[in-house]
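Q: Need a 3D model of the sequence below.
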Amino acid sequence: MASYSAQSVVQGRAFLKTLISALGTVPGGPLLASAKLRLSKDINFNPNRDSLVADLASGEADYAGYTAGGVAVTPSAPVNIGAIGVGMVTDNVFHCTGSTTTNTIYGWWIDDGVNLVAAERFAGSFAPAMAANGDYLDLLAVIALQFAVAVAA
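A: The predicted model follows:
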């Protein structure tokens with residue numbers, strides 16, 4: 001049994017460019033309409049802004065009970081994240097339903113089917129095992145936009 005709250009999230013470059021471009025237009029719909037939250041079993045999982053969904057998907061979890069392709073993201077309303085940030089969170093619980101196929105989970109990512117939205121390798125030595133019926137991971141993933149303001153003296 002394990003719980004994890006996002007700590008050091010990487011946002012995908014293509015998604016950020018889309019988001020910034022959308023600031024000048026009235027969107028026709030939500031930017032994350034088809035977003036999925038996925039888990040990685042790849043011990044070398046180390047996402048960056050330019051990571052490709054296809055590369056991450058090759059190490060996607062496949063333990064008993066995991067849904068291939070991830071779960072639909074239901075983001076929260078905007079929340080304050082620290083003194084200079086705002087973002088959305090999504091809380092999902094992943095369950096293991098058997099021991100036929102087991103994984104150790106090293107991180108998570110959200111994609112829109114094409115582009116990486118956000119990703120994170122778990123901090124420190126956190127790497128929950130999904131090996132037995134009843135094992136679970138309660139994951140609080142964060143999509144944050146941080147704004148820093150420089151004040152001239």
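Q: Show me which helix or strand of this structure is least confident by mean pLDDT.
A: helix 13-22 (a mean of 71; mean pLDDT, DSSP states H and E).
Q: Using PDB, write out every CA atom in the helix or strand just after it.
A: Downstream of helix 13-22, the first helix or strand assigned by DSSP states H and E is strand 36-40. What follows is strand 36-40 as a C-alpha-only set of coordinates in PDB (Å, rounded to 0.1, in the frame of the first residue of the first chain):
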ATOM      1  CA  LYS A  36      -4.900  10.000 -19.600                       C
ATOM      2  CA  LEU A  37      -2.900   9.400 -16.400                       C
ATOM      3  CA  ARG A  38      -0.400   6.500 -17.000                       C
ATOM      4  CA  LEU A  39       2.100   4.700 -14.800                       C
ATOM      5  CA  SER A  40       5.600   3.600 -15.700                       C
END
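Q: need the next SSE after strand 36-40, C-terminal direction.
A: helix 53-57.
Q: Help me confirm that residue 94 comes into contact with residue 41.
A: No - between residue 94 and residue 41 there is no contact under CB atoms under 8 Å: 11.9 Å. Placement of C-beta: from N, CA and C, glycine included.
Q: Neighbour count for these two, which is higher?
A: residue 94 (23 against 20; other CB atoms under 10 Å).
Q: element containing the residue most central in space within the chain?
A: With the centre of the chain defined as its mean C-alpha position, the nearest residue by CA atoms, centre = their mean is residue 109, 3.3 Å away. Assessed by DSSP H and E, residue 109 sits inside strand 107-111.
Q: now swap in residue 74 and tell me
A: Going by DSSP H and E, residue 74 is not in any helix or strand.
Q: Leaving out chain neighbours, which residue sits closest to it?
A: With CB to CB, 6 or more residues apart in numbering as the criterion, residue 74 has its nearest non-adjacent residue at 5.9 Å, and that residue is residue 90.
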